[in-house]
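S.K.: Structure of the sequence below:
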Amino acid sequence: MAVDLTTLKNRVDDYKEILENTKNFRQDWKETLKPMIMETLEQVVKETNLSADIVVKDQVENLEAIVLDLGRTHSGMKEKIEDTDIKKTIIKTQGAVVYQQLFNGKVMVMFVYPYIDGYGEPRPPRNLEILRPHELKQEYIIRHLEEFVKEITQWEDYDDDVPAKSAIGFANPIGFQQEIIEE
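M.R.: Predicted coordinates:
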């Protein structure tokens with residue numbers, strides 16, 4: 001009895017091609033993409049005077065990340081410790097752009113938004129896109145950074161005077177209750 005294996009053979013061929021792509025994508029990351037991302041981020045930091053660190057997270061081979069990290073700073077707020085004159089500084093994490101190598105060699109681009117420790121819930125990171133290494137060009141990185149700076153600027157400038165702006169970084173700040181006024 002003959003069994004038609006055409007569909008299975010096609011799927012096996014697709015699987016083998018994907019495995020080969022993963023090897024090639026990982027090689028592309030090492031040889032061209034990682035250096036290009038690093039050089040582009042370094043150039044941006046230098047030419048814009050952006051206060052940021054470029055951090056390489058390479059503890060796991062083929063699962064590396066390059067992070068443009070805006071760091072942490074004093075938020076300008078201090079919490080009074082109950083029944084004392086002591087005040088605890090509240091820290092603000094200023095955000096980051098992450099280029100993360102995935103298990104299959106593709107690259108995920110992600111924004112980590114600013115947040116203030118203990119002041120509401122941090123906004124979840126935003127996954128912008130997943131790209132094959134050959135798809136990620138310097139122009140894309142610049143576009144990602146432009147969008148990131150726009151979004152963190154909106155976060156810093158948050159107010160409720162303009163209805164189009166949404167609450168960025170927190171849903172309900174600690175210590176503030178939203179009152180419902182009935183007419």
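S.K.: what about this structure, any weak spots by pLDDT?
M.R.: 160-183 (pLDDT under 70).
S.K.: quick one, phi/psi of Gln101?
M.R.: Backbone geometry at Gln101, expressed as degrees, to the nearest 10, gives phi -70, psi 130.
S.K.: That one and Met108: what is the separation?
M.R.: 8 Å (Cβ to Cβ, to the nearest Å). (Each C-beta comes from the backbone N, C-alpha and C, glycine too.)
S.K.: quick one, which of those two is more surrounded?
M.R.: Gln101 (25 against 16; other Cβ atoms under 10 Å).
S.K.: Identify the residue nearest that one in space, chain neighbours excluded?
M.R.: Glu64 (4.8 Å; Cβ to Cβ, 6 or more residues apart in numbering).
S.K.: The one you found and Thr6: what is the separation?
M.R.: Per Cβ to Cβ, Glu64 is found 39 Å from Thr6.
S.K.: So which of these two has more stuff around it?
M.R.: Shown here are Glu64 and Thr6; by other Cβ under 10 Å, Glu64 has more neighbours (18 against 8).
S.K.: I figured that one was touching Trp29, is that so?
M.R.: Yes. Glu64 lies in contact with Trp29 (Cβ atoms under 8 Å); the separation is 7.2 Å.
S.K.: Overlap in contacts, these two.
M.R.: Gln101 (Cβ atoms under 8 Å, 6 or more residues apart in numbering).
S.K.: How are the strands of the protein distributed by residue range?
M.R.: Secondary structure of the chain by DSSP state E: the strands cover 53-57, 65-69, 72-80, 87-93, 96-101, 107-112, 115-116, 126-131.
S.K.: which helices and strands does the second one pack with?
M.R.: What it means is strand 65-69. The elements that strand 65-69 packs onto, with contact taken as 3 or more Cβ pairs under 8 Å, 6 or more residues apart in numbering; DSSP states H and E, are helix 34-48, strand 53-57, strand 96-101.
S.K.: Remind me what the last one packs against, helices and strands.
M.R.: Yep, that's strand 96-101 we're talking about. When contacts are defined as 3+ Cβ pairs under 8 Å, 6+ apart, strand 96-101 sits against strand 65-69, strand 107-112, helix 138-156.
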